[in-house]
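attaching a predicted model along with its sequence, questions to come.
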Amino acid sequence: MTENDKLKTLKLLAKRCARAMGQPQHVALDFVANRLGFPHWNALTGSANREWTPSEAQVASIKAFVERITSYEGAAFDHVFGGPNAITRGDVRGHPYELKTMLGDVYMEGEGWRIVLPENPSAAPNVEIDISHAQNSPINDRVLLAEAIGIAKELMKSVKARRFSDWPRRATKPDAEGTVRHPFLEMEKSNLWYCLHCDAEITGPQIAGNQWHCPGCGASPINIFPEAFWLGRNDEKPAPVQSRAEEQEIEPIVSVVDPRPRLDLNKNQVTHLIRSALFEDAASASERMGASLAEIWVDDDLEVIVSLEDHYWPEDKEPTAAIKVAALLGIEIELEVTWSDPLFAWPGLGTMTRSTAEYTRMMLDAYRSKGIVEERGGNR
């Protein structure tokens, strides 16, 4: 490779680096020069015209670096969805950790602690310490915590670079008028953008600089549009958003948590438990349909009203399993009976068997005995 070819290769690698890192071309050129020991690109090219030329090894090192941050080939991580094998292990000051990504976020976990670095660059790192380790967790050491977050940020750089490699170049680099192209809505470009969540007005440089997350509320790129089409004529106009200064450090949010699973009963959970118990109480095919048709209301205090269909659930039969479930949950249950048209004629046939298939056969035979042939889609 000639000296001229080496410089062309370095320039091409800088271009790829600029795209992946969302930087102007001249910044990436200076970045490459810095890695080769020069203060900026002009100094590198000036030396190359005189006494210095990049070696094959130096060009290879730059190429390896750019490949590492821009290529999916051989990647140890799945930087979109993560996965059980997409984990790297290491230690920070002697304390082991596991590092992985999931849906653009970076997760770092040690014994009794975890750090989540959100995809949104303006969001604070979330640090959780298990309550049982609250007093002796290594994360209590601010120096160690800063080092751990730094490790997570290094992986986030790679996540960002691979994401930017898939985006249009103009999505990360505003033109002279501040116009940028949406990374997903590729036909949409503007110098002003609007957040569906908080109605903020965002300039092109602001949204590109924040990786297409709203600088105001942190909404994701799918919530950013070139027009606030959801606002009516009489709605308040969007206000310009205030962005965080780039040099402003974001302090991590540290919290002590109890990782043990908690049971917070809700209406949906109670409904499923009561209906499951009704099926357990059902002694025939007819009663199983009654359990399926039962209307179950759960109020805000988790008190339950069960309305049982008279055609399919005997009025004098008490759903003992459902009552036991309610008692275990510490809630009141009220039973009532309703009447409506049965699903099929002769609903009592279902009391003669526990088999749904047998009931279906008897029901069809009964219809045929009356000279009625039932087909899918209605009577024929």
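Nice, I can see it.

can we go C-alpha only for contacts and neighbour counts from here?
Fine.

low-confidence ranges, the stretch 251-380 of the chain, go.
Within the stretch 251-380 of the chain, the segments meeting pLDDT under 70 span 372-380.

give me phi/psi at residue 92?
Here the main-chain torsion angles of residue 92 (degrees, to the nearest 10) amount to phi -120, psi 110.

for the closest residue to it other than its chain neighbours, give me phi and psi.
By the measure of Cα to Cα, 6 or more residues apart in numbering, the closest residue to residue 92 outside its immediate chain neighbours is residue 148, 6.4 Å from it. Backbone geometry at residue 148, expressed as degrees, to the nearest 10, gives phi -60, psi -40.

number of residues surrounding residue 148?
20 (other Cα atoms under 10 Å).

quick one: it from residue 8, how far?
With distances taken as Cα to Cα, to the nearest Å, residue 148 is found 38 Å from residue 8.

ok, now residue 367?
85 Å.

these two: who's more crowded?
Using other Cα under 10 Å, the more surrounded residue of residue 367 and residue 8 is residue 367, with 15 against 12.

helix, strand, or coil at that one?
Using DSSP: H, G, I helix; E, B strand; the rest coil as the criterion, the local structure at residue 367 reads helix.

show me what the helix or strand hosting residue 268 is packed up against.
Under the criterion DSSP states H and E, the helix or strand holding residue 268 is helix 267-281. Judged by 3 or more Cα pairs under 8 Å, 6 or more residues apart in numbering; DSSP states H and E, helix 267-281 is in contact with helix 285-293, strand 295-298, helix 320-329.

tell me the buried residues in it?
Neighbour counts using 16 or more other Cα atoms under 10 Å place 267, 270, 271, 274, 275, 276, 277, 278, 279, 280, 281 of helix 267-281 among the buried residues.

all helices of the protein, in order?
Here the chain has its helices, by DSSP state H, at 3-21, 25-35, 41-48, 56-70, 142-166, 204-209, 267-281, 285-293, 320-329, 356-369.

give the contact list for residue 196.
With contacts taken as Cα atoms under 8 Å, 6 or more residues apart in numbering, residue 196 has the following neighbours: 223, 224, 225, 228, 230.

now do residue 52
Neighbouring residues of residue 52 by Cα under 8 Å, 6+ apart: there are none.

against residue 288, how distant is it?
Taking Cα to Cα as the measure, residue 52 and residue 288 are separated by 86 Å.

about what we covered before: would JSON lines of the buried residues of helix 267-281 with distance to residue 313 be doable?
What follows is those, written out as JSON lines (distance: Cα to Cα, whole Å):
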{"residue": "267", "distance to residue 313": "23"}
{"residue": "270", "distance to residue 313": "21"}
{"residue": "271", "distance to residue 313": "18"}
{"residue": "274", "distance to residue 313": "15"}
{"residue": "275", "distance to residue 313": "13"}
{"residue": "276", "distance to residue 313": "15"}
{"residue": "277", "distance to residue 313": "14"}
{"residue": "278", "distance to residue 313": "10"}
{"residue": "279", "distance to residue 313": "11"}
{"residue": "280", "distance to residue 313": "13"}
{"residue": "281", "distance to residue 313": "10"}
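
returning to what we had before: can you tell me which of the helices and strands packed on helix 267-281 is nearest to residue 255?
With Cα to Cα as the criterion, residue 255 lies closest to helix 320-329 of the helices and strands packed on helix 267-281, at 30.9 Å.

quick check: buried residues in that closest one?
In helix 320-329, the ones that count as buried by 16+ other Cα under 10 Å are 321, 322, 323, 325, 326.

just stretch 100-115 next, same as before
Across stretch 100-115, burial judged by 16+ other Cα under 10 Å covers 100-102, 104-110, 112-115.

so for stretch 203-221, what gets flagged as buried?
With burial defined by 16+ other Cα under 10 Å, the residues of stretch 203-221 counted as buried are 203-216, 218-221.

what's the answer for stretch 334-345, then?
Within stretch 334-345, no residue qualifies as buried by neighbour count (16+ other Cα under 10 Å).

okay, how far is it across that stretch, tip to tip?
Start-to-end span of stretch 334-345 (Cα to Cα) is 29 Å.

who touches that stretch?
The contact list for stretch 334-345 (Cα under 8 Å, 6+ apart) reads 304, 305, 306, 307, 308, 309, 310, 311, 315, 363.

in strands only, show me these.
Counting by DSSP state E, these place 304, 305, 306, 307, 308, 309 in strands.
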